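Colleague: Need a 3D model of the sequence below.
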Amino acid sequence: MGIVTIIVVVAIAVRMYISGQYAMYIPSQYTTFRVEVTDHMSMLDRLDRLTIRKISSSDPHNEEDEVTITDPKEIRDMLKLLKDVELKKVKDIDTAQRSPYYYEWRLTINKEGRFTDGFGLTFYNEKSISIYSEAKTRDQLEDYEITNEFNLNEMERLFEKLKEEQT
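Modeller: Numbers count the residues shown, from 1 in each chain. Modelled structure (predicted):
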């Protein structure tokens, strides 16, 4: 009777593996920016502040290149740059591919007028991003590889435009 039970369990497991049904039990390494950041916001949440820093890889402590956006519409426009970004979770980011500058975003969200929540996004290059989530109690900082097209030059252009407007 025990041998028959083992054979039935193995047969079911093999069938599930072949049909792909096992995937719902194994967490996916693939995700999107929308799932990791914007889906955590409800309709009652308000985009409070987005601070963008352009950081030199050679001098990361220079605080001169910083722009703060407080208008929710402008923040939404900046987040639209990332809405279709597809991500793959990785253990470590390849720092050899760093560009001379990288961008750090700090997004603050007012959660239904009761408290604030935030995300930290670090764009190292067109293929690497780290996402920090204050809401998570575990694995608050995750590293990702960007698996589709992402234009860091567009972010550079918008950053320079915002910086010019604020001066």
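Colleague: ok now the biggest helix by length in the chain, how far from the chain's centre?
Modeller: Longest helix of the chain, by residue count under DSSP state H: helix 2-19. Mean-position distance between helix 2-19 and its chain equals 38 Å (C-alpha atoms, centre = their mean, to the nearest Å).
Colleague: quick one, what contacts Glu66?
Modeller: Counting by C-beta atoms under 8 Å, 6 or more residues apart in numbering, Glu66 touches 51-54. (Each C-beta comes from the backbone N, C-alpha and C, glycine too.)
Colleague: what pairs with it across the strands?
Modeller: Arg53 (DSSP bridges).
Colleague: picking up where we left off before, just the CA coordinates of the longest helix of the chain, formatted as PDB?
Modeller: Extracted C-alpha coordinates of helix 2-19, given in PDB (Å, rounded to 0.1, in the frame of the first residue of the first chain):
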ATOM      1  CA  GLY A   2       2.900   2.400   0.800                       C
ATOM      2  CA  ILE A   3       4.600   1.800  -2.500                       C
ATOM      3  CA  VAL A   4       1.300   2.500  -4.400                       C
ATOM      4  CA  THR A   5       0.900   5.800  -2.500                       C
ATOM      5  CA  ILE A   6       4.500   6.900  -3.300                       C
ATOM      6  CA  ILE A   7       4.000   6.000  -7.000                       C
ATOM      7  CA  VAL A   8       0.700   8.100  -7.100                       C
ATOM      8  CA  VAL A   9       2.300  11.100  -5.400                       C
ATOM      9  CA  VAL A  10       5.300  11.000  -7.800                       C
ATOM     10  CA  ALA A  11       3.000  10.600 -10.800                       C
ATOM     11  CA  ILE A  12       1.000  13.700  -9.700                       C
ATOM     12  CA  ALA A  13       4.100  15.700  -9.000                       C
ATOM     13  CA  VAL A  14       5.600  14.800 -12.500                       C
ATOM     14  CA  ARG A  15       2.200  15.700 -14.100                       C
ATOM     15  CA  MET A  16       2.100  19.100 -12.300                       C
ATOM     16  CA  TYR A  17       5.700  19.800 -13.300                       C
ATOM     17  CA  ILE A  18       5.200  19.000 -16.900                       C
ATOM     18  CA  SER A  19       2.000  21.000 -17.100                       C
END
